[in-house]
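A.B. asks: model the following, please.
(chains A, B, C and D)
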There are 2 protein chains.
Amino acid sequence: MRLTDRQKLILTLIIHEHIQTAQPVGSKTLVQKYHLSMSSATVRNEMATLTDYNLLRQPHTSAGRVPSEEGYRYFVGNLIHNSTLPTTTRRTITHQFYQSRQDVEQWLKLAASVLANQSQAASLVTAPHAEKAIFKHLELIATSGRQVLMVLVLMGGEIRQQFISLAEPVPQDRLSEIATKLSNLCVRCDAEGIARLRGHFDPLGQDILDILLAEMTLIEESATGQIYLDGMTNVLAEPEFSESDDARQALNLLQEPSLLENLLASTVMNTDVGGIQVLIGGEGNWEQLRQCSIVLARYGDPNTLTGSIGVLGPIRMPYDRTISTVRFIANVLSDLVSETLAV
Amino acid sequence: MRLTDRQKLILTLIIHEHIQTAQPVGSKTLVQKYHLSMSSATVRNEMATLTDYNLLRQPHTSAGRVPSEEGYRYFVGNLIHNSTLPTTTRRTITHQFYQSRQDVEQWLKLAASVLANQSQAASLVTAPHAEKAIFKHLELIATSGRQVLMVLVLMGGEIRQQFISLAEPVPQDRLSEIATKLSNLCVRCDAEGIARLRGHFDPLGQDILDILLAEMTLIEESATGQIYLDGMTNVLAEPEFSESDDARQALNLLQEPSLLENLLASTVMNTDVGGIQVLIGGEGNWEQLRQCSIVLARYGDPNTLTGSIGVLGPIRMPYDRTISTVRFIANVLSDLVSETLAV
DNA sequence: TTTTAGCACTCTCACTATGAGAGTGCTAAA
DNA sequence: TTTAGCACTCTCATAGTGAGAGTGCTAAAA
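C.D. replies: Numbering: from 1, shown residues only, chains lettered A, B, ... in the order given. Below is the predicted model:
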C-alpha cells in the first residue's frame, strides 16, 4: 500500500482535525478550513480510497471520516517528522529537575507529573531497576526492643528497607558490627554469591543473612521497580470517555501492578533505551485499552539500570507532541541516572 | 428537632433503600419492600414532615424522596449503632497484614488497598509522621565518584534518603567515620539541637551537617507523611458519576498533595486517635466534594507518630459499614505502629 | 486521464408530541 | 390518628419530523 503525496496530506489533515474536534471530518470542512486547492469532490474520492485501504472509517453512511487504528498507525509510522519540544519548554522542564530535592523518588514523581501535564493524559514512570540484584551495603538500626530496621542498598542505588523481629533485644553496637561484617563480605555479590556465605556467621548473623537472601531473591523476581502514576484524571476529561466505562478499565490496568508489569514486559522491555514504542488501541491484545493509546520509552543505562516511562491517553492523541515529550523526559532521566546512580 | 421513633425508622429505611438503588424512594415501595404495618398514606405524611425538617428532598414534585445532606448527617450522628465488622472479615484482614512484608510502606499500601476493596470506594492513607522531627541515625554511602547517598533515620522510623554531590571524591571509610560521629552527636536532637553543633566539624562534616539540617527543617515543615491512594476507579463506577464531572474533581483533590494536606489539616488533625470524622457533601467548604463524602480517622500514637486514613465515596455511601471498616483498619495500623515504630 | 459541478440519497440530531407509570397531596371517612 | 380514594404532576421511554451535513455517483470540463 503506497500512498500518493496528496493522500498522505489528506490523511494527515483528517487526523489533525479529528484530534482537535473529536468529531468525524467531512470533505467540505477540510477544504474550507485548510484552504486546499482542490474541490471537495476530489477530497471525497481520495477519502474513499483511504477508506478502502482501512486507514479511515465511516461511523455511518453519510457521516464524515474518522481515522482508524490502522490510520493512526500509518500516521505514527510514516507521517510524523521527528519533532522536538520547543527550547523554552525544554529549559523549563530541565530547570524543574535541577531545582528539586536530590532524591530518585522525587525525580520520578516529578517526571510523572511533568509528563502528565505536558501531555494532558495519564502518565506512568517505573523506578530504575537492575536485571540482576547486586549487593552493595547493609545497615541495621535498632528501633525499639526486638525490632530492627534493615536497610539494604544495591549497586545502582536501589534501596529496600524492612523491619526484622529478633528473638531477643540486641544492642546497636552489636548490630553495627554484624552489618559491617556482612557489608564487607557480601559487597558485589548476587543472591547466589551470598548464599555461598552461609555458615560463616554466628546464629544471629546467620538469621540476618537469611533474611537478606530472601530479600535479594524477592528483588530479582520483580520485573520493574516501584511504579509512579500521575494525571489519571486528565483522561477522564476527554469527551470520548465522559459516558463510557472504557476510561475506568484502562486506569484500572495502570493501577494493578501485576497487569501493568505484564504489559510493560511484553512491549517496552523489548525496546532499546532511546527508542519509542506506541501501542494504539491495545493492538488486539489488551481489551481494556481498546479506546486508548500508550506511548512508552525506556530510560537509564542499558547494561545496568533501566526503567520505563509512558503516557496513556485516548486513541485520538497528539502523537507527535506526546512522543517528543516522552523522548525528552526519558533522556532527562537517563542523564540523571547515569550521573548519580552509575555503578 | 426531635424525631419520633417512627420518623427515625422511616428515615433510616429511606436512606437504606436509596443507598441500594440510587433512586428516589416512594411511599408505596417502602411499605411493600419492608412490610411496614402502616399504609403508604401514613408514610407519605411522615415523609412530608421529614421534608419540612430538611432531612429529605424531592427531586421534583411527584417523585419519591431522597435523603438530603442534613438527612445523612442526622443519620450518621443519631441513627447509626456502632457496628463492628464480621469476625471473619476482621480475621482475613489481620491475616493479610501479618502475611505481608515487614515494611511500613507495604503496610500502608495494603491498608489503602484493603480499605478501597472493603468500601468499594477511593481510599487514602498517610504515612505516620511526627510533629517534631527527632534525629536518630545517619548513614553515608559512596555511590560513584562524588555522589554520596545520605540515609537519615528519625526517631519513630521515618526514613529519608537523598543524593549529595561532594566537591571531590571521598572514600567510604571517611564517610562512615563522619556518619558515625554525626550519629553519635546528633542522636535525640531536633533541628535546633543540630544547628547548635555547627563548628564542631571539619569542612566536609560541616557541609553534611548543613544538608542534614536543611532536610530536618523540610521534614518539620511538611504536615503529613507520604500519601498512598487506592481504588480511585471504584468511585467512577458509581452511577451518579457516570456522566458528570464531579468525580473527576473529587479525585483531583485527592491527588493534589497540597489540597489534600489542607483538607486533612482542617478536619482529621483535630480529631483524637480512635475518633472518626465524617465529612458529608463537602459541608459547604469543599466545592469539589459537593457530591462526595469522606470518612476519616487518625491512627498511631497521639504523642509521637500519627497518620490519617480515609475513604472517599459518593454521598450515597453505606456509612455504617464504611465507618466500621475505617475504624478497624485504623486500629490495626495503630497496633503495627506501636509494635514496630515506638520510640 | 484527472478534476469538478450537480444532485439524489442517507443518516444523525435536536425537537416535539404522546402516554404509561410512579408518586404525591388533599379530603373525608374509619 | 390512620387510611382509602382520587385528582393531579412530573418523568421517561417511544415515535415522528425536518433541518443539516455528508456521501457516492454521473457526466461534463480541463
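A.B. asks: drop to CA atoms for contacts and neighbour counts, all remaining ones
C.D. replies: Fine.
A.B. asks: check contacts around the closest residue to DNA strand C within the stretch 101-250 of chain A.
C.D. replies: Residue of the stretch 101-250 of chain A nearest DNA strand C, by C-alpha to the nearest atom of the strand: A:E240 (12.2 Å). Counting by C-alpha atoms under 8 Å, 6 or more residues apart in numbering or on different chains, A:E240 touches A:22, A:314.
A.B. asks: assumed it was part of a helix.
C.D. replies: Yes - counting by DSSP: H, G, I helix; E, B strand; the rest coil, A:E240 falls inside a helix.
A.B. asks: relative to A:M317, how far out is it?
C.D. replies: Per C-alpha to C-alpha, to the nearest Å, A:E240 is found 12 Å from A:M317.
A.B. asks: OK, contacts around the residue nearest the centre of chain A?
C.D. replies: Centroid check for chain A by C-alpha atoms, centre = their mean gives A:I309 as the closest residue, at 2.3 Å. For A:I309, the contacting residues are A:123-126, A:296-299, A:326, A:330, by C-alpha under 8 Å, 6+ apart.
A.B. asks: helix, strand, or coil at it?
C.D. replies: A:I309 ends up strand, using three-state DSSP.
A.B. asks: walk me through the domains of chain A.
C.D. replies: With domains defined by automatic domain parsing, chain A comprises A:5-79, A:87-128+A:225-340, A:135-221.
A.B. asks: okay, now the unreliable bits of chain A?
C.D. replies: For chain A, the stretches with pLDDT under 70 are A:342-343.
A.B. asks: what does it put close to DNA strand D?
C.D. replies: A:25-29, A:41, A:44-45, A:47-48, A:61-65 (C-alpha under 7 Å from any atom of the strand).
A.B. asks: other residues contacting the top helix by length along chain A?
C.D. replies: In chain A, taking DSSP state H as the definition, the longest helix is helix A:319-340. The contact list for helix A:319-340 (C-alpha under 8 Å, 6+ apart) reads A:76, A:80-85, A:90, A:94, A:107, A:111, A:115, A:118-119, A:274-276, A:295-301, A:309-311, B:143-144, B:147, B:163.
A.B. asks: close enough to count as contact, A:L56 and A:Y72?
C.D. replies: No - counting by C-alpha atoms under 8 Å, A:L56 sits too far from A:Y72 to count as a contact (9.1 Å).
A.B. asks: the contacts of A:I309: which ones sit near DNA strand C?
C.D. replies: Restricting the contacts of A:I309 to those near DNA strand C - C-alpha under 7 Å from any atom of the strand - leaves none.
A.B. asks: just these: which are in helices?
C.D. replies: Those of the contacts of A:I309 lying in helices (DSSP H): A:326, A:330.
A.B. asks: what is the end-to-end distance of stretch A:277-291?
C.D. replies: For stretch A:277-291, the first-to-last residue distance is 17 Å (C-alpha to C-alpha).
A.B. asks: what about A:I10, helix or strand, and which?
C.D. replies: helix A:5-21 (DSSP states H and E).
A.B. asks: what's that helix packed up against?
C.D. replies: Under the contact definition 3 or more C-alpha pairs under 8 Å, 6 or more residues apart in numbering or on different chains; DSSP states H and E, helix A:5-21 sits against helix A:40-52, strand A:66-67.
A.B. asks: close to DNA strand C, is the shortest one?
C.D. replies: Right, strand A:66-67. No - between strand A:66-67 and DNA strand C, judged by C-alpha under 7 Å from any atom of the strand, nothing touches; the nearest distance is 13.2 Å.
A.B. asks: what packs against that strand?
C.D. replies: By 3+ C-alpha pairs under 8 Å, 6+ apart, strand A:66-67 packs against helix A:5-21, strand A:56-57.
A.B. asks: paired strands for it, with orientation please.
C.D. replies: strand A:56-57 (antiparallel) (DSSP bridges).
A.B. asks: can you name the residues in contact with the partner strand?
C.D. replies: With contact meaning C-alpha under 8 Å, 6+ apart, strand A:56-57 is reached by A:47, A:50-51, A:65-68, A:71.
A.B. asks: go with 7 Å
C.D. replies: Here strand A:56-57 makes contact (C-alpha atoms under 7 Å, 6 or more residues apart in numbering or on different chains) with A:50-51, A:65-68, A:71.
A.B. asks: in TSV: those residues, plus neighbour count.
C.D. replies: As requested, the contacts of strand A:56-57 are exported to TSV (neighbours: other C-alpha atoms under 10 Å in any protein chain shown):
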residue	neighbour count
A:L50	21
A:T51	18
A:R65	26
A:V66	25
A:P67	27
A:S68	19
A:G71	21
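A.B. asks: out of those residues, who's nearest chain B?
C.D. replies: Of all those, chain B sits closest to A:V66, with 23.8 Å by C-alpha to the nearest C-alpha.
A.B. asks: check contacts around the closest one.
C.D. replies: With C-alpha under 7 Å, 6+ apart, A:V66 has these contacts: A:18, A:24-25, A:56-58.
A.B. asks: among those, which one is most surrounded by other residues?
C.D. replies: Highest neighbour count within the contacts of A:V66, by other C-alpha atoms under 10 Å in any protein chain shown: A:L56, with 24 neighbours.
A.B. asks: quick check: closest non-adjacent residue to that one.
C.D. replies: Closest residue to A:L56 apart from its sequence neighbours, by C-alpha to C-alpha, 6 or more residues apart in numbering or on different chains: A:P67 at 4.4 Å.
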